[in-house]
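Participant: whatever this is, show me its structure:
(one chain, ligands or ions: 1)
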Amino acid sequence: MAFPKNFLWGGATAANQCEGAYLTDGKGLSTADVMTAGDAKTPRRITDGVVAGENYPSHTAIDHYGHFKEDIALFGEMGFKTYRMSINWSRIFPNGDDVEPNEAGLAHYDAVFDECHKHGIEPLVTLSHYETPLGLQKYGSWTSREVIEFFLNYCRTVFTRYKGKVKYWLTFNEINCMSMMPWMAGGVQVDADEQTRMTAAYHQFLASARAVQLAHEIDPENKVGMMYGGMFSYPNSCDPADVQANEEFMRTNLFYPDVMCRGYYPAYKLKEFERRGIVLPEQPGDKDTLRAGTVDFLSYSYYFTMVCGKNSGQAAIDCGSVNTGYTNPYVEQTPWGWSIDPYGLRYSLNLFYDRYQIPLMIVENGLGTYDTVEADGSIHDDYRIDYLREHIKAMKDAVELDGVDLMGYTPWGCIDIVSAGTGEMKKRYGFIYVDVDDEGNGTFDRSRKDSFYWYKKVIASNGEDLD
Ligand code: BG6
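Facilitator: Now for the predicted structure:
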């Protein structure tokens, strides 16, 4: 058997994309709650507070808040060993800087974790997944060092409250998105310059390192991982200029796991900062904090690979943009223009395992696309099964042939949820269909797609039966 016996098969979601109930039980506003819906062509907008008449997908989403028992029961039916979810920070500290936590928010997640355990599911919790309390804007969000203390207060509260119920934690979702989408990554304005972004990232690194130490102090059983947004690219050709451009592009993202897995900034990044006049807001003791707070494991999302080369343009390289100016002619693309490259998953697993030699986990992967509900209610998503099968095969090769230490696999949007990138519902990833449209209309009924039964078999056979 390729996968270890305790392999964590499961699925993943994020609170702001599934919970809805955006002001229920004392929840405060988060950065996600002021993002309007968009689509593949119209980007999402950030409004100044909640503006009447705008469509904010996080406000209702799929109402997982009201349906979590039903949803977790369905995950249990598929045989999930783990459920990756996030705690919505603004349910616990509605303004971010409150002195006391909101008991109703804490009680909600108690109920969620109890439900998971009832079904034999180990929760894997992201502490901050694309939502920062909006109240922290008055400090400048993550550009301010003060926010580290508010985050740690939140961490201390949940590590203590859920001791014994949760042992797997991730600090910041796709932390490298601070370079590309700083609002989503941490409430930093989208037009912020590189100095501001790097300051915010620095504060998140410190916060994560301290959270790792805190989690270990509160419960030595805790395992804390980092979460990298899967940006991987190939050089456009063997022209050394393409190879160099690609390496520079990769480094704009790879320095994030370098810091979090090794405990210090890599030399190439420090040299780049020097050349560009970027100064880290370092204080005495920070270096020790980073070194003492390296993560227990590295988790990441993997959807696609990119191509980068000498014509990518400095802007694309500087911010690690998805738009590198090249399309890989050797692989297919989804209707949303994401390349489908299962081999890239094996490539990335080897890249990381060679680089850090710590356990890895794929906490997001999947095909976001249109689904059709047949007259009898069935959904034949063989395209999704094909996508997942090929990616599981690639993980299998990495484990069996390359010896990568892989802990688990939680495909994204295991139940249909709102897209983070576009705010659409019709870009669906789930094994479970939810009857809601882009405007938030529908019955909110759940139904099993063909992939539901397929994934159940995959889990039951520990990844041996992929037919
Ligand atoms: C990852 C995020 O970038 O990709 C998720 O962590 C997101 O929050 C997922 O939903 C898929 O992207 P999208 O834009 O299709 O929702």
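
Participant: wait, what's in contact with the single nearest residue of the stretch 201-350 of the chain relative to the ligand?
Facilitator: As assessed by C-beta to the nearest ligand atom, the ligand sits closest to S301 within the stretch 201-350 of the chain, at 4.9 Å. In this view, the C-beta of every residue, glycine as well, is placed from N, C-alpha and C. Contacts here follow C-beta atoms under 8 Å, 6 or more residues apart in numbering; on that basis S301 touches 174, 227-230, 362-365, 412.

Participant: which phi and psi values does G10 adopt?
Facilitator: phi -180, psi -140 (degrees, to the nearest 10).

Participant: that one reaches F75, doesn't it?
Facilitator: Yes. G10 lies in contact with F75 (C-beta atoms under 8 Å); the separation is 7.3 Å.

Participant: quick check: which element contains G38?
Facilitator: Counting by DSSP states H and E, there is no helix or strand that carries G38.

Participant: again with the one 3 residues further on
Facilitator: Following DSSP H and E, there is no helix or strand that holds K41.

Participant: burial count for it?
Facilitator: Neighbourhood size, K41 [other C-beta atoms under 10 Å]: 6.

Participant: got phi/psi on it?
Facilitator: Here is the backbone geometry of K41 (degrees, to the nearest 10): phi -100, psi -30.

Participant: residues from the chain in reach of the ligand?
Facilitator: Within the chain, the residues that sit near the ligand (C-beta under 6 Å from any ligand atom) are 14, 17, 130, 173-174, 229, 301, 364, 368, 412, 419-422, 427.

Participant: looking at the protein, which helix or strand is least sure?
Facilitator: Every helix and strand in the chain was compared by mean pLDDT, DSSP states H and E; the lowest is helix 314-319, with a mean of 90.

Participant: would you pull up the residue in the stretch 301-450 of the chain closest to the ligand?
Facilitator: G421 (2.6 Å).

Participant: show me the contacts for that residue.
Facilitator: By C-beta under 8 Å, 6+ apart, the neighbours of G421 are 44, 427.

Participant: mind listing residues that contact stretch 96-112?
Facilitator: Residues from elsewhere that reach stretch 96-112 (C-beta under 8 Å, 6+ apart): 25-28, 65, 68, 72, 85, 87-94, 123, 132-136, 139, 147, 150, 154, 157-158, 161-162, 165.

Participant: derive a ChimeraX selection command for the buried subset of those.
Facilitator: Filtering those down to the buried ones (16 or more other C-beta atoms under 10 Å) takes a single ChimeraX command:
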select :27,28,65,68,72,85,87,88,89,90,91,92,93,94,123,132,133,134,135,136,139,147,150,154,157,158,161,162,165
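
Participant: would you map the helices across the stretch 251-400 of the chain?
Facilitator: In the stretch 251-400 of the chain, the segments counted as helices under DSSP state H, counting those that start in this stretch are 267-276, 286-292, 314-319, 342-356, 382-400.

Participant: compare the mean pLDDT across those and name the weakest.
Facilitator: Ranked by mean pLDDT, the helices of the stretch 251-400 of the chain bottom out at helix 314-319, with a mean of 90.

Participant: buried ones in it, by neighbour count?
Facilitator: 316-317, 319.

Participant: same check, this time on stretch 64-82
Facilitator: Buried positions in stretch 64-82, judged by neighbour count with 16+ other C-beta under 10 Å: 64-65, 67-68, 71-72, 74-76, 78-82.

Participant: now stretch 267-281, how far from the centre of its chain.
Facilitator: A distance of 27 Å separates the centroid of the chain from that of stretch 267-281, by C-alpha atoms, centre = their mean, to the nearest Å.

Participant: next: stretch 236-246.
Facilitator: With C-alpha atoms, centre = their mean, you get 29 Å for stretch 236-246.

Participant: from S141, how far off is E131?
Facilitator: 11 Å (C-beta to C-beta, to the nearest Å).

Participant: can you list residues touching both of those two?
Facilitator: Shared contacts of E131 and S141, defined by C-beta under 8 Å, 6+ apart, comprise T31.

Participant: more neighbours, the two?
Facilitator: E131 (28 against 24).

Participant: who touches that one in this structure?
Facilitator: 14-16, 30-33, 58, 86, 88-90.

Participant: before we move on, what about N323?
Facilitator: N323 sits next to A316 when contact means C-beta under 8 Å, 6+ apart.

Participant: grab the nearest non-local neighbour of T443.
Facilitator: D435 (4.7 Å; C-beta to C-beta, 6 or more residues apart in numbering).

Participant: what about the one you found, neighbour count?
Facilitator: Here the number of neighbours of D435 (other C-beta under 10 Å) works out to 16.

Participant: where do the strands sit along the stretch 151-300 of the chain?
Facilitator: Taking DSSP state E, counting those that start in this stretch, the strands of the stretch 151-300 of the chain run over residues 168-172, 223-228, 233-235, 297-301.

Participant: of those strands, which is nearest R251?
Facilitator: strand 233-235 (10.9 Å; C-beta to C-beta).

Participant: and that closest one, what does it pack against?
Facilitator: helix 240-262, strand 306-308 (3 or more C-beta pairs under 8 Å, 6 or more residues apart in numbering; DSSP states H and E).

Participant: contacts for that strand, please.
Facilitator: For strand 233-235, the surrounding residues in contact (C-beta under 8 Å, 6+ apart) are 242-243, 245-247, 249-250, 305-309, 324, 328.

Participant: need the residues you listed in CSV (columns: pLDDT, distance to T372 and neighbour count).
Facilitator: Shown next, in CSV, are the contacts of strand 233-235 (pLDDT from 0 to 100; distance: C-beta to C-beta, whole Å; neighbours: other C-beta atoms under 10 Å):
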residue, pLDDT, distance to T372, neighbour count
D242, 98, 41, 20
V243, 98, 43, 17
A245, 97, 41, 24
N246, 97, 38, 24
E247, 97, 43, 15
F249, 97, 37, 25
M250, 97, 38, 20
T305, 98, 28, 22
M306, 97, 30, 26
V307, 98, 32, 22
C308, 97, 35, 27
G309, 97, 38, 21
T324, 94, 32, 22
N328, 97, 28, 18
